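[1] Starting from these lines, generate the structure:
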Amino acid sequence: MDGKRFDAIVSGLSTKPVTRQHAIRGVLGGAVVAVTGGVATQRDTTQASISKKHTTICHCVTNDPTTCKTIRIRRWSARKHLKHPCDYKGSCTGVSGCPTLRL
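    Numbering: from 1, shown residues only. Predicted coordinates for the structure are as follows:
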């Protein structure tokens with residue numbers, strides 16, 4: 001196919017002017033999608049990937065269970081939180097993680 005015939009076909013298919021380079025890019029892009037089945041190569045932002053990066057922590061300020069709050073934080077922050085005496089891994093269950101004094 002010569003250049004003039006290709007240009008005539010492309011201009012007949014579109015309503016706005018398309019350069020030869022853009023037309024070839026579109027055809028090659030369509031071929032890639034057809035071969036790969038349209039699988040996108042994006043970052044995985046599903047709930048599963050987020051849950052791998054985050055940990056559920058019960059963060060308690062005092063030994064009163066009403067001060068406890070369930071938080072989802074990144075794993076490296078969770079390690080720091082778990083060093084606090086009142087925080088524990090998992091959702092809050094209505095009990096504080098603070099140690100109680102027994103006499």
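
[2] tell me which element Ile57 falls in.
    Using DSSP states H and E, Ile57 falls within strand 54-59.

[3] Pull out the buried positions in the helix or strand containing Gly30.
    Gly30 belongs to helix 20-36 when assigned by DSSP H and E. Across helix 20-36, burial judged by 16 or more other Cβ atoms under 10 Å covers Ala23. Backbone N, C-alpha and C define where each C-beta goes, glycine included.

[4] Break this protein down into its structural domains.
    3-36, 47-89 (automatic domain parsing).

[5] can you put the ones you listed in CSV and add mean pLDDT and distance to Gly97?
    Formatted as CSV, the domains of the chain follow (pLDDT from 0 to 100; distance: least, Cβ to Cβ, whole Å):
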stretch, mean pLDDT, distance to Gly97
domain 3-36, 73, 49
domain 47-89, 85, 4
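
[6] which stretch among those comes nearest Cys98?
    Checking the domains of the chain against Cys98 by Cβ to Cβ gives domain 47-89 as the closest, at 3.8 Å.

[7] okay, the domains of the chain, which one's buried deepest?
    Counting by mean count of other Cβ atoms under 10 Å, domain 47-89 has the highest mean neighbour count of the domains of the chain, with a mean of 14.

[8] now the helix holding Gly30, how far from the chain's geometric center?
    Relative to the chain's own centre, helix 20-36 is displaced by 28 Å; criterion: Cα atoms, centre = their mean, to the nearest Å.

[9] which other helices and strands contact it?
    Counting contacts by 3 or more Cβ pairs under 8 Å, 6 or more residues apart in numbering; DSSP states H and E, helix 20-36 packs against helix 3-13.

[10] All set, thanks.
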